[in-house]
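>>> what's the 3D shape of this:
(2 chains)
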Amino acid sequence: MTGYALEVRDLRVTLSGKRILDGVSFRCPEATVTAVMGPSGTGKSTMLRAINRLLDLNPEAIVEGDILIHGRSVWEMEPYEVRRRATMVFQDPNPFPHMSIYDNVAVGPRLHGLARSKRELDEIVRWALERAMLWDEVKDRLGDPPSKLSGGQRQRLSLARALAVKPEILLLDEPTANVDPVNAVKIEEAIRSLVREEGITVVFVTHMPSQAVRVSDYLVFLYDGHVVEQGPSREVALNPSNPLTEKFFRGEL
Amino acid sequence: MNGGPLSRLLRRVRGVRSRDDERFLLLHLPASLTLLLVILAMLGVFIAYSIPVISREGFHVFTDTTWRAVEGDPQAEWYGLLPAIYGSVYTSLIAVLIAAPLSVSLAVALEELTPRRLRGSLSLLTDLMAATPTIIYGLWGLAFLAPHMYPILSWLSSHASWIPLFSKHPSSGYTIATAGVLLAVMSTPFAAAVIREAYSMIPLSIREAAYSLGATRLEVIRILLGMVKPSIVAGLALAFARAVGETVAVSLVIGNSMTITPSVTDSGVTVSSLIASQFGNAGFYHYMTSALFAGGLVIFAIGLAVNVAAVWYMKKWEEKVMGVAP
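Predicted coordinates:
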């Protein structure tokens, strides 16, 4: 064991012949939030998809370098195991439209046989919805389709769905970008308490410097496929050592 | 036109606000009304031609099993369509039951499992299958499928005759089962095209969500298929409609005997194949033409019922998923 929940070592990704990530390395200590920030188009989302091997699905993608989850290389695991241990929440809320609220959360545990009885499954669903701060709003209508929820509620449902498979790592791809401010705050709160109380390790991709500082323990500043600067959030925010980071914080990038 | 009586009339139609709208309406209304009128006229002809047999036999023409054609003695003629109606529904159900797994698999295979380079040519092939005239299938069924089905069906009827489906020992390969299989082969490309279209429209984000829960490829396919359920139903309704309406191909392989039997190893008849095989000499009899038109009415009704049921199902599904109050 290395003490790190996630280690990314010299990650290089090429998509359709274009180099997107060029030697990205960083480490996430267990039960912390690492914010990966940077302007749009610097490869943040691609990096998340490389970590959980979603890029395997894209025949145009070439991924090099190593990614370790609790010390074990993702290349030694089956892709679906990697994805269960490091689940992802996407920029747009994407619950399965044809499944009820309950089933959306239950689908993961069912796939992985995490519950031995209906009661256990109920408990997991409730736990995940509570953790995503959605339980109180939906507990009386778990059979409703997600279309009856607001956009922000749907995003929290997506979060609950990702939590229900009991991941070690949560990969968040700008989860509040398309959500109203109230819901954004709720999601940030949910993330903080997940880390504090459940020991989950979070990689939080965002293009908003203020949010990055607010939610994270560590910051990784990605620019044009490179890590320009990284370190504890306060240090990086107060004393950026790279002029690019400074510009980004001033909103000039 | 402005302010004239015609204009005033046209503007009572919802959404007509300008001269352009009026012209658009004037141009398109006749075309769409013509189509509607043609359909009504067809229905009218079928009802009119059915009247002689219905007024003589009453509702029995649909429920009776006797088919008695007597030349020169109209009083001795008697036509019961039930075996044909039964055969139409039975063969089409068999076809849909076979086509359901086939078309879903074909759609998934083309979308998920076929390498990109091959996808184009393979989908062209299935489109070609859909576009092939049915008489070609009929001849294939006659020359190849029926003779090859025969040993299989006789084996089934001698080893599993306790199952009503195989209770009758086949005298040839021209059976209900052969017709069902042939209809399945013919209608699968249609159903598959509808399912595939819907499947390919599933947003990447939903697919990624399924994968990122740690689902295997097959599990992802299962989740995504749940999303296109209405299209599966629509595709199968289309397959059923095609099967019920198929005429010559069926009459070539079904054996054309007016019987009602649960045994798929027996020969049978469908309304469409009955019309095809009997219409040529129906003129020699007094009531047969009328009886065949009454059969046509039944096909109309079955087609309508299946379509209404499919639309109803899709509406229900939409209400459930989209959360629209009924």
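
>>> what's the helix or strand for the nearest residue to B:Ile254 once chain neighbours are set aside?
Of all residues beyond its chain neighbours, the one nearest B:Ile254 is B:Ala179 (4.1 Å), with distances taken as CB to CB, 6 or more residues apart in numbering or on different chains. From N, CA and C alone the C-beta is placed, and that goes for glycine too. When elements are defined using DSSP states H and E, B:Ala179 is found to belong to helix B:176-200.

>>> residues in contact with the residue nearest to B:Ile254?
Residues near B:Ala179 by CB atoms under 8 Å, 6 or more residues apart in numbering or on different chains: B:Thr91, B:Ile94, B:Gly141, B:Val250, B:Val253, B:Ile254, B:Gly268, B:Thr270.

>>> please redo it, this time with the cut-off set to 10 Å
Applying CB atoms under 10 Å, 6 or more residues apart in numbering or on different chains to B:Ala179 gives the contacts B:87, B:90-92, B:94-95, B:141, B:145-146, B:149, B:243, B:246, B:249-255, B:264, B:267-270, B:273.

>>> again with B:Pro115
A:Pro59, B:Leu122.

>>> low-confidence regions, chain A specifically.
A:1-2 (pLDDT under 70).

>>> residue most distant from the centroid, it?
With distances taken as CA atoms, centre = their mean, the residue sitting farthest from the centre of chain A turns out to be A:Ser117, at 29.0 Å.

>>> all helices for the stretch 51-200 of chain A, in order.
Secondary structure of the stretch 51-200 of chain A, counting by DSSP state H, counting those that start in this stretch: helices at A:79-85, A:101-112, A:118-131, A:135-138, A:151-163, A:181-193.

>>> who's in contact with the third one?
In this structure, residues lying in contact with helix A:118-131 by CB under 10 Å, 6+ apart are A:101-106, A:108-110, A:114-115, A:117, A:134-139, A:142, A:156-157, A:159-166, A:190-191, A:193-194, A:197-198, A:200.

>>> can you give me the buried ones in the helix or strand containing A:Gln211?
Assigned by DSSP H and E, A:Gln211 belongs to helix A:209-215. By neighbour count on 16 or more other CB atoms under 10 Å in any protein chain shown, the buried set for helix A:209-215 is A:Pro209, A:Gln211, A:Ala212, A:Val213, A:Arg214, A:Val215.

>>> packing partners for that helix?
Packing partners of helix A:209-215 (3 or more CB pairs under 10 Å, 6 or more residues apart in numbering or on different chains; DSSP states H and E): strand A:33-37, helix A:181-193, strand A:201-206, strand A:218-223, helix A:233-238, helix A:243-249.

>>> does the first one reach chain B?
No. Looking at strand A:33-37 against chain B by CB under 10 Å from any CB of the partner chain, there are no contacts, and the closest approach is 16.9 Å.

>>> distance of whichever residue of the stretch 151-253 of chain A sits closest to chain B from A:Met88?
When scored by CB to the nearest CB, the stretch 151-253 of chain A has A:Val165 as its residue closest to chain B, at 5.7 Å. Counting by CB to CB, to the nearest Å, the separation of A:Val165 from A:Met88 is 11 Å.

>>> ok, now B:His159?
Relative to A:Met88, and taking CB to CB, B:His159 is found at 53 Å.

>>> how many neighbours does the closest residue to chain B within the stretch 51-200 of chain A have?
When you check the stretch 51-200 of chain A against chain B by CB to the nearest CB, the closest residue turns out to be A:Arg84, at 2.8 Å. As a burial measure, A:Arg84 scores 23 neighbours (other CB atoms under 10 Å in any protein chain shown).

>>> tell me which residues touch it, please.
By CB under 10 Å, 6+ apart, the contact list for A:Arg84 reads A:52, A:77-78, A:108, A:111-112, A:114, A:165-168, B:212-215.

>>> please repeat the previous calculation with a cut-off of 6 Å.
Counting by CB atoms under 6 Å, 6 or more residues apart in numbering or on different chains, A:Arg84 touches A:Val165, B:Gly214.

>>> helices and strands around the strand or helix carrying B:Ala301, which ones?
For B:Ala301, the host element (DSSP H and E) is helix B:288-322. With contacts defined as 3 or more CB pairs under 6 Å, 6 or more residues apart in numbering or on different chains; DSSP states H and E, helix B:288-322 has these neighbours: helix B:19-57, helix B:229-245, helix B:271-278.

>>> any idea of the mean pLDDT for the second one?
Put plainly, it is helix B:229-245. Helix B:229-245 shows a mean pLDDT of 93.

>>> sec struct for the closest residue to chain A within the stretch 101-250 of chain B, please.
Among all residues of the stretch 101-250 of chain B, B:Gly214 sits closest to chain A, at 2.8 Å; criterion: CB to the nearest CB. Using DSSP: H, G, I helix; E, B strand; the rest coil, the structure places B:Gly214 in coil.

>>> give me the distance between the nearest residue to B:Val253 once chain neighbours are set aside and B:Leu183.
Nearest residue to B:Val253, sequence neighbours excluded (CB to CB, 6+ apart): B:Gly141, at 4.2 Å. Distance, B:Gly141 to B:Leu183, using CB to CB: 9 Å.

>>> of the two, which one has the most company?
Between B:Gly141 and B:Leu183, B:Leu183 has the larger neighbour count (other CB under 10 Å), namely 32 against 27.

>>> residues contacting that one?
Applying CB under 6 Å, 6+ apart to B:Leu183 gives the contacts B:Thr91, B:Ala95, B:Ala243, B:Glu246.

>>> got the residues of the stretch 151-300 of chain B near chain A?
Residues of the stretch 151-300 of chain B lying near chain A by CB under 6 Å from any CB of the partner chain: B:Ser205, B:Ile206, B:Ala209, B:Ser212, B:Leu213, B:Gly214, B:Ala215, B:Thr216, B:Glu219, B:Gly226, B:Met227.

>>> let's go with 10 Å and repeat that
Proximity of the stretch 151-300 of chain B to chain A (CB under 10 Å from any CB) is limited to residues B:202-217, B:219-220, B:222-230.

>>> select only the buried ones of those residues in ChimeraX?
Buried residues within those, by 16+ other CB under 10 Å, are selected in ChimeraX with:
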select /B:202,206,207,208,209,210,211,212,213,214,215,219,220,223,224,225,227,228,229,230
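
>>> restricted to helices, list the residues of the stretch 151-300 of chain B next to chain A.
B:204-211, B:217, B:219-220, B:222-227, B:229-230 (DSSP state H).

>>> wait, isn't B:Val306 in contact with B:Val244?
Yes. B:Val306 is within contact range of B:Val244, at 7.6 Å (criterion: CB atoms under 10 Å).

>>> which bits of the stretch 151-253 of chain A sit near chain B?
Near chain B, when you scan the stretch 151-253 of chain A using CB under 10 Å from any CB, you find A:Ser158, A:Arg161, A:Ala162, A:Ala164, A:Val165, A:Pro167, A:Leu171, A:Asp173.

>>> most neighbours among those, which one?
Within those, neighbour counts (other CB under 10 Å) peak at A:Arg161, which reaches 31 neighbours.

>>> how close does that residue sit to B:Ile221?
With distances taken as CB to CB, A:Arg161 is found 18 Å from B:Ile221.

>>> do the same with B:Val244
30 Å.

>>> more neighbours: which of those two?
Remark: of B:Val244 and B:Ile221, B:Val244 carries more neighbours, 24 against 19, as counted by other CB under 10 Å.

>>> hang on, isn't the more buried one packed against B:Ile94?
No. Taking CB under 10 Å as the definition, B:Val244 is not a contact partner of B:Ile94, at 12.0 Å.

>>> where does the residue nearest to A:Lys247 when sequence neighbours are not counted land in three-state SS?
Excluding its sequence neighbours, the residue lying closest to A:Lys247 (CB to CB, 6+ apart) is A:Leu253, at 5.0 Å. Under three-state DSSP, A:Leu253 falls in the coil class.
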